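Novice: please find the sequence and the predicted model below.
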Amino acid sequence: MDILTQQPASTAHGKFAAYLERTHNTICGRHPIGVLMGALGMLEEKGKQAKMKWVRYEQSNQCMSFDDWSVSYASAYVTF
């Protein structure tokens with residue numbers, strides 16, 4: 001989540017892709033997030049500056065070992 005709020009969005013997009021490649025983390029919304037970050041990067045090229053703010057994060061379970069599992073939910077909004 002910290003990666004996605006970095007400026008500029010085009011840099012955050014690349015860092016997010018690198019994070020997914022490095023960790024093999026199964027983020028269900030990774031493709032829509034990638035589309036959003038790509039769109040924000042294109043808007044930056046046209047002079048728009050976007051800022052993402054996370055407003056909520058919840059976990060179904062707190063992982064304490066490698067055998068544990070959890071589903072997380074996050075919500076954010078973007079302003080210009």
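Specialist: Received it, and whenever you're ready, just let me know what you need.
Novice: ok, now which residue in this structure is the farthest from the centroid?
Specialist: With distances taken from the mean C-alpha point of the chain and given as CA atoms, centre = their mean, the most distant residue is residue 67, at 24.5 Å.
Novice: now that residue: how far from residue 61?
Specialist: When distance is defined by CB to CB, to the nearest Å, residue 67 is 12 Å away from residue 61. For glycine as for every other residue, the C-beta is placed from the backbone atoms N, C-alpha and C.
Novice: repeat for residue 35
Specialist: Counting by CB to CB, the gap from residue 35 to residue 61 is 28 Å.
Novice: report the rounded mean pLDDT for stretch 29-46.
Specialist: Confidence over stretch 29-46, taken as the mean pLDDT, stands at 92.
Novice: which residues touch residue 1?
Specialist: 54, 57, 74 (CB atoms under 8 Å, 6 or more residues apart in numbering).
Novice: so which of those residues is surrounded by the most neighbours?
Specialist: Neighbours here mean other CB atoms under 10 Å. Within the contacts of residue 1, the largest count is held by residue 74, at 15 neighbours.
Novice: all helices of this structure, in order?
Specialist: Assigned by DSSP state H, the chain shows helices spanning 9-23, 30-45.
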